[in-house]
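Novice: 3D, please:
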Amino acid sequence: MPTQTAFRTVLAVALAAFVAGCLAAAANAQAPAPAAPARTLVSVGTGTIKVAPKDRTSNASIAAAVEAAETKALPAALADARDEATKLASAAGVTLGPLVSLSNTATGTSGFFVGPYYPTTGPFGPGKFCGNVRTRSVTVGKDGKRHLGRVRTHRTCRIPSVVQRSVQLTFALG
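Specialist: So this is what the prediction gives:
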């Protein structure tokens, strides 16, 4: 059985290690951050690419077309933001310095009737653009009441019209 002196020794060593670790963490946390430029210019760019699948009835073709559009939209958004920053700097009579920060956001606009996440997730689940839809016809009888027809299930594919990406660039001013 350990003696009380051995227990105190182990406790003192553990406490010393803990304090040393805390002091090292505090020293690292207090390291000065790199200085941010005094003057910056922020520019936002958007890249919008049309989705054009080879086969409008194939989920794999639609998913590949969406992926290709997303791949093309990001460089287009970067070019748009850089062009906008150049125009803003020229109009303000300043020169652009180095790029300080970059923010990338997938906006996913794909038409007027769909939600914000339609292109990346798909209306039938992640990456699923084709699926079964249930519909029911409704007729109004001579008595003025609505009469429901039978339920019909059919397969459909919903293709986003465009994929859109947005970026925000922050430049130091020269």
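Novice: Let me know the distance separating residue 61 from residue 100.
Specialist: Separation of residue 61 from residue 100 (Cβ to Cβ, to the nearest Å) stands at 41 Å. Every C-beta, even on glycine, is put in place using the N, C-alpha and C of the backbone.
Novice: Equivalent analysis for residue 52, please.
Specialist: Distance from residue 52 to residue 100, counting by Cβ to Cβ: 36 Å.
Novice: repeat for residue 174
Specialist: Residue 174 sits 12 Å away from residue 100, taking Cβ to Cβ as the criterion.
Novice: Tell me where this protein is predicted with low confidence.
Specialist: Along the chain, segments meeting pLDDT under 70 span 1-37, 105-121.
Novice: Share the number of residues neighbouring residue 79, please.
Specialist: The local packing of residue 79 (other Cβ atoms under 10 Å) involves 13 other residues.
Novice: OK, contacts around it?
Specialist: With contacts taken as Cβ atoms under 8 Å, 6 or more residues apart in numbering, residue 79 has the following neighbours: 45, 47.
Novice: and after the helix or strand it falls within, which helix or strand comes next?
Specialist: Applying DSSP states H and E as the criterion places residue 79 in helix 59-92. Tracing the chain C-terminally past helix 59-92 and defining elements by DSSP H and E, one meets strand 96-106 next.
Novice: other SSEs contacting that next one?
Specialist: With contacts taken as 3 or more Cβ pairs under 8 Å, 6 or more residues apart in numbering; DSSP states H and E, strand 96-106 sits against helix 59-92, strand 162-173.
Novice: Just say which of the ones you listed is most tucked in.
Specialist: Greatest average neighbour count among those goes to strand 162-173 (a mean of 20), per mean count of other Cβ atoms under 10 Å.
Novice: strands paired with that strand, and their directions?
Specialist: Using DSSP bridges, the strands paired with strand 162-173 in its sheet are strand 40-50 (antiparallel), strand 96-106 (antiparallel).
Novice: Contacts for the last one, please.
Specialist: Residues lying outside strand 96-106 but in contact with it, judged by Cβ under 8 Å, 6+ apart, are 36-37, 40-41, 70, 74, 85-86, 89, 120, 165-174.
Novice: repeat for the first one
Specialist: Strand 40-50 is contacted by residues 69-70, 72-85, 88-89, 92, 94, 96, 100, 107, 109, 161-173 when judged by Cβ under 8 Å, 6+ apart.
Novice: Specify the angle between that strand and helix 59-92 in degrees.
Specialist: Taking axes from the mean of the first three to the mean of the last three Cα atoms, to 10 degrees, one finds that strand 40-50 is oriented at 150 degrees with respect to helix 59-92.
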